[in-house]
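> Got a sequence here, can you build the structure:
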Amino acid sequence: MTLLLVHLVLVSAYAGFQWTVRGLVYPQFAEVPEQAFAGYERAHQRRVSVVVGPLFAGQGITVLWLLADRPDGLSPGWVLASGALLAVVLGVTALGAVPLHRRLDAGWDRQAHRALLRVDAVRLAAALANALVVLVAVLRG
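Numbering: from 1, shown residues only. As a prediction, the model looks like this:
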C-alpha cells in the first residue's frame with residue numbers, strides 16, 4: 001500500500017503542476033514582449049524540465065512497479081488505467097507539446113500558442129483523471 005500512496009503523491013503532484021502550467025504559465029506567454037519571447041521560451045523549457053522530468057520518471061517507475069508487484073486486493077485494472085492515463089500525458093507531450101515548444105523557440109507564434117493551450121488541456125484532463133483513478137484505488141484498498 002505504501003507504493004500506491006507514493007504513486008498517488010506523484011500523480012497528484014503532476015496534476016497540480018499541470019494545472020499551474022495550464023492556468024498560469026501558458027496564458028502568461030502572450031504577455032511576454034515579442035522581442036524577448038524566444039529567450040523566455042528557451043528559459044521556460046530548461047526550468048520546466050527540472051520539475052516535470054522527475055515527476056514523469058517517478059510516475060513511470062511506480063506504475064511499472066505496481067504492475068510487477070501489486071498490493072493485495074488492488075485490481076490490475078486500476079494500475080492499467082493509471083498507466084494508460086500516464087501514456088496519454090507522455091504521448092501528448094512528446095507528439096504535441098514538444099513540437100509546439102520548438103516552434104515557439106523561434107519566437108512568438110500566436111497559432112502555436114493556441115495549439116499548445118489545446119494540447120495542454122488534454123494533458124490536464126488526463127493528469128486530473130489519473131489523480132482521481134489512483135485516489136479511488138487507494139480508498140478502495
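> pLDDT averaged over the helix or strand hosting W65 - what is it?
Taking DSSP states H and E as the definition, one finds W65 inside helix 34-68. The average of the pLDDT scores along helix 34-68 is 96.
> L64: neighbouring residues, count only.
Applying other C-beta atoms under 10 Å, we find 12 residues neighbouring L64. The C-beta positions use only the backbone N, C-alpha and C, and glycine is treated the same way.
> mind listing what it touches?
G83 (C-beta atoms under 8 Å, 6 or more residues apart in numbering).
> Give the residue spans of this protein that score low on pLDDT.
Along the chain, no part satisfies pLDDT under 70.
> one more time with 90, if that's ok
Applying pLDDT under 90 to the chain flags the ranges 1, 72-73, 141.
> list the buried ones in the helix holding W65?
Buried residues in helix 34-68, defined by neighbour count with 16 or more other C-beta atoms under 10 Å: F37, Y40, E41, H44, V52, L55, F56, G58, Q59, T62, V63, L66.
> Give the next helix or strand downstream of the helix or strand containing L4.
Here L4 is covered by helix 2-20, with elements defined by DSSP H and E. Once helix 2-20 ends, the next helix or strand along the chain (criterion: DSSP H and E) is helix 26-29.
> Run through the neighbouring helices and strands of that following helix.
helix 34-68, helix 110-140 (3 or more C-beta pairs under 8 Å, 6 or more residues apart in numbering; DSSP states H and E).
> residues of it that come out buried?
So helix 26-29, judged by 16+ other C-beta under 10 Å, has buried residues Y26, F29.
> Ok, stretch 120-134 next?
In stretch 120-134, counting by 16+ other C-beta under 10 Å, buried: 120, 122-131, 133-134.
> One more: stretch 18-27?
Q18, V21, R22, Y26.
> Mind putting those into CSV with distance to H7?
CSV is the format used below for the buried residues of stretch 18-27 (distance: C-beta to C-beta, whole Å):
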residue, distance to H7
Q18, 16
V21, 21
R22, 22
Y26, 26
